[in-house]
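A.B. asks: Curious how this folds, go ahead:
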Amino acid sequence: ILTTVDDKLKLLRNKREYLEKLKKGLMGELLTGRVRVKV
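C.D. replies: Sure thing, here's the model as predicted:
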């Protein structure tokens with residue numbers, strides 16, 4: 001049972017890492033003006 005929980009935690013951590021990197025990348029592009037946003 002514990003190994004299943006560990007595997008699940010590992011997956012969630014990887015997903016969170018990926019989303020944080022994606023967020024940083026998007027924020028960088030928005031702030032530098034490389035990506036235009038319709039308002």
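A.B. asks: going forward, measure contacts between C-alpha atoms and count neighbours the same way
C.D. replies: OK.
A.B. asks: neighbours around Glu20, how many?
C.D. replies: Other residues near Glu20 number 12, with proximity taken as other Cα atoms under 10 Å.
A.B. asks: What of the one 10 residues further on?
C.D. replies: The burial metric for Leu30, expressed as a neighbour count using other Cα under 10 Å, is 13.
A.B. asks: got it, and Glu29?
C.D. replies: Here the number of neighbours of Glu29 (other Cα under 10 Å) works out to 13.
A.B. asks: Identify the residues contacting it.
C.D. replies: Listed by Cα atoms under 8 Å, 6 or more residues apart in numbering, the contact partners of Glu29 are Val35.
A.B. asks: any idea how far Tyr18 is from it?
C.D. replies: Using Cα to Cα, to the nearest Å, one obtains 17 Å as the distance from Glu29 to Tyr18.
A.B. asks: Mind telling me what element the residue nearest the centre of the chain is part of?
C.D. replies: Most central residue of the chain, judged by C-alpha distance to the mean C-alpha position with Cα atoms, centre = their mean, is Leu19 at 0.7 Å. Following DSSP states H and E, the helix or strand that holds Leu19 is helix 2-32.
A.B. asks: how much distance is there from that helix to the middle of the chain?
C.D. replies: If you compare the mean C-alpha spot of helix 2-32 with that of the full chain, they lie 4 Å apart, counting by Cα atoms, centre = their mean, to the nearest Å.
A.B. asks: Near Lys15, how many residues? Count them for me, please.
C.D. replies: Residues contacting Lys15 under the criterion other Cα under 10 Å number 12.
A.B. asks: now do Leu11
C.D. replies: The burial count assigned to Leu11 is 12, neighbours taken as other Cα under 10 Å.
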